[in-house]
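**Q** I would like the atomic coordinates for the input below:
(4 chains)
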Number of protein chains: 2
Amino acid sequence: MRKDAVHNRERLLRAARSLFADRGLDVPLEEIARTAGVSIGTLYNRFPTRQALVDAVFEDRTAVVARLAEEALAADDAWEGFVAFLTGVCELQAADLGYNDVAVRGAAAGESAGGYSLMRRIVARAHASGQLRADVTLEDMAFVTWGIAATVRATFRVAPGAWRRHLALTLDGLRASSAARTGPLPAPPLTPEQTAALMPECG
Amino acid sequence: MRKDAVHNRERLLRAARSLFADRGLDVPLEEIARTAGVSIGTLYNRFPTRQALVDAVFEDRTAVVARLAEEALAADDAWEGFVAFLTGVCELQAADLGYNDVAVRGAAAGESAGGYSLMRRIVARAHASGQLRADVTLEDMAFVTWGIAATVRATFRVAPGAWRRHLALTLDGLRASSAARTGPLPAPPLTPEQTAALMPECG
DNA sequence: AACGAAGGTGAGGCGCCTCTCAGGTTGCGC
DNA sequence: GCGCAACCTGAGAGGCGCCTCACCTTCGTT
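**A** Sure thing, here's the model as predicted:
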């Protein structure tokens, strides 16, 4: 790839990163090109589809989530690790409206098979320590992602930190001590197949 | 209003109701008119803005929610009433993608000042019975609405009942017994002013 | 039955966004 | 410094949805 092409690619990514973060994934491509100081044609040269651009912009997030997951597994207390991981993911969602959209549209927290299998271990460890309620599964983590994403979207202008309260309540519902209910949960967890249908990236 | 105008109005409402339910609030107005067997001009004659149409379509929901609230207050057990109310509202959201959108965009569960003050009583009663955790407020109900709405949107095609599981976990987090955490919730509840800013209908 | 007001119609203007392509420009290996 | 492949450009075609308005039809009243 030629030097100017690389340069333009970077300018486009910078512009897209910033606009996505502020306004979500639905920014006009023309505006991204203009912000980058480049023509719309060049944008299409570098990124043939909108999805290609989105993927490139959020590529690094996979590694960030993986690092969060590893830190969670390294935590002394399994529950604290579990909480820290979900909090970290939600912080990413809250800090970037574009990533928030990504979390809703497809790859929830654990995009990519790698992150997903780390998450499985975080959940397993929290189960083993007896602090995560036994009837909750890995697939239920999507509920957390979707719920917090929705609260972030609704409140980020008026009450930027409100999602932390929502998350805290959600996490309290996932504690083993909360399972003191009559009977089992009213619906089975999403199957891995259903999860895969909803979030293809989480092989 | 002339007879044919009334007739067309009803045809438009029927068409809008059905399309909104299946596809959410973002259906083209032209398609609604076509489905109603009426011209786009007539749609604009009856409903000068999209919002006017949406309001008319979901007008009756206010009464439904109010009835749910009254039933909740009449329940023997305060917590059961609380759960029944939120379940009922979420059932409305799950049954109608358009109403689901309405719940997200503005008036959450309790649209209209009337429904909202009934909700306040439901929460107060659940507090008084000691079953709803004390640090949860009326304003926190919006988290439930937003969260379930997001899960409904994400799963309704692949796993239509999955939201019930999400709701059950959420409700478990709202039980008094779940408050066994270290320290207070990490963020204050939304203030009534913030809630009003987000959902103007809930005076 | 005749008339005026209310209502219906749909082509067309407008704005917004996506995507293409013919023509001009530039980096880079030789 | 030649030449070509890679690259950039931006006008414009095309699609979609919103909304208007000039013209025609129908209702309902007298």
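**Q** going forward, measure contacts between C-alpha atoms and count neighbours the same way
**A** OK.
**Q** what about the nearest residue to A:A66 once chain neighbours are set aside, which helix or strand?
**A** Distances taken as Cα to Cα, 6 or more residues apart in numbering or on different chains place A:G115 nearest to A:A66, at 5.2 Å, with adjacent residues excluded. A:G115 belongs to helix A:112-128 when assigned by DSSP states H and E.
**Q** and that helix, what does it pack onto?
**A** Based on contacts counted as 3 or more Cα pairs under 8 Å, 6 or more residues apart in numbering or on different chains; DSSP states H and E, the elements that helix A:112-128 packs against are helix A:59-74, helix A:78-95.
**Q** Break chain A down into its domains, please.
**A** A:3-57, A:60-198 (automatic domain parsing).
**Q** among those, which is nearest DNA strand D?
**A** Closest approach to DNA strand D among the domains of chain A is made by domain A:3-57 (3.2 Å; Cα to the nearest atom of the strand).
**Q** Could you check the closest one against DNA strand C for contacts?
**A** Yes: Domain A:3-57 lies within reach of DNA strand C by Cα under 7 Å from any atom of the strand, at A:3-4, A:26-30, A:40-41, A:44, A:48-50.
**Q** what about that domain, start to end distance?
**A** 20 Å (Cα to Cα, to the nearest Å).
**Q** and it with chain B, contact?
**A** No: Domain A:3-57 stays clear of chain B (Cα under 8 Å from any Cα of the partner chain), getting no nearer than 15.0 Å.
**Q** chain center to that domain: distance?
**A** 21 Å (Cα atoms, centre = their mean, to the nearest Å).
**Q** near DNA strand D, anything from that domain?
**A** Yes: applying Cα under 7 Å from any atom of the strand, one finds domain A:3-57 touching DNA strand D at A:4-9, A:37-42, A:45-46.
**Q** Chain A against DNA strand C: which residues are in contact?
**A** A:2-4, A:26-30, A:40-41, A:44, A:48-50.
**Q** what about chain A, any weak spots by pLDDT?
**A** The model of chain A has pLDDT under 70 over residues A:106-113, A:203.
**Q** Repeat the analysis, applying 80 as the threshold.
**A** Flagging of chain A using pLDDT under 80 yields the residue ranges A:106-114, A:180-182, A:201-203.
**Q** and the angle from the longest helix along it to helix A:78-95?
**A** Counting by DSSP state H, the longest helix found in chain A is helix A:3-23. In terms of direction (axes from the mean of the first three to the mean of the last three Cα atoms, to 10 degrees), helix A:3-23 departs from helix A:78-95 by 100 degrees.
**Q** in helix A:3-23, what counts as buried?
**A** A:8-9, A:11-21 (16 or more other Cα atoms under 10 Å in any protein chain shown).
**Q** between those residues, which is nearest DNA strand C?
**A** A:N8 (11.1 Å).
**Q** I figured the closest one was touching A:V38, is that so?
**A** Yes: between A:N8 and A:V38 there is a contact at 7.3 Å, judged by Cα atoms under 8 Å.
**Q** one step back: can you put the buried residues of helix A:3-23 in CSV and add distance to B:L92?
**A** Putting the buried residues of helix A:3-23 into CSV (distance: Cα to Cα, whole Å) gives the following:
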residue, distance to B:L92
A:N8, 49
A:R9, 46
A:R11, 46
A:L12, 43
A:L13, 42
A:R14, 42
A:A15, 41
A:A16, 38
A:R17, 37
A:S18, 37
A:L19, 35
A:F20, 33
A:A21, 33
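**Q** which one among those gets closest to B:V158?
**A** Using Cα to Cα, A:F20 is the member of the buried residues of helix A:3-23 that lies nearest B:V158, at 28.3 Å.
**Q** which other residues reach the helix or strand following the longest helix of chain A?
**A** Beyond helix A:3-23 on the C-terminal side, the first helix or strand identified by DSSP H and E is helix A:29-36. Residues external to helix A:29-36 that are found in contact with it (Cα atoms under 8 Å, 6 or more residues apart in numbering or on different chains): A:8, A:11-12, A:14-16, A:19, A:39-40, A:42-43, A:50.
**Q** Quick one: list the elements packing against the helix or strand that comes right after helix A:29-36.
**A** Counting by DSSP H and E, the element after helix A:29-36 in chain order, helix or strand, is helix A:40-46. Judged by 3+ Cα pairs under 8 Å, 6+ apart, the packing partners of helix A:40-46 are helix A:3-23, helix A:29-36.
**Q** Identify each buried residue in the last one, please.
**A** When you say that, I think you mean helix A:29-36. A:31-33, A:35-36.
**Q** closest to B:Y99 among those?
**A** Distances from B:Y99 to the buried residues of helix A:29-36, taken by Cα to Cα, are shortest for A:E31, at 32.5 Å.
**Q** what's the helix or strand for A:G183?
**A** Element membership for A:G183 (DSSP H and E) is empty, with no helix or strand holding it.
**Q** Would you check how far apart it and A:E139 are?
**A** Taking Cα to Cα, one finds A:G183 at 20 Å from A:E139.
**Q** Kindly report the same for A:A16.
**A** As judged by Cα to Cα, A:A16 and A:E139 stand 31 Å apart.
**Q** How about A:I32?
**A** For A:I32, the distance to A:E139 equals 35 Å [Cα to Cα].
**Q** what's the answer for A:L167, then?
**A** 17 Å.
**Q** what's the answer for A:R120, then?
**A** From A:R120 to A:E139 the distance is 9 Å (Cα to Cα).
**Q** For A:L73, give me its contacts.
**A** For A:L73, the contact set (Cα under 8 Å, 6+ apart) comprises A:81, A:121-122.
**Q** what would those look like in JSON lines with distance to DNA strand D?
**A** Shown next, in JSON lines, are these (distance: Cα to the nearest atom of the strand, whole Å):
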{"residue": "A:G81", "distance to DNA strand D": "44"}
{"residue": "A:R121", "distance to DNA strand D": "42"}
{"residue": "A:I122", "distance to DNA strand D": "42"}
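**Q** Output these as TSV; include the columns neighbour count.
**A** Listed next are the contacts of A:L73 as TSV, based on neighbours: other Cα atoms under 10 Å in any protein chain shown:
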residue	neighbour count
A:G81	23
A:R121	17
A:I122	24
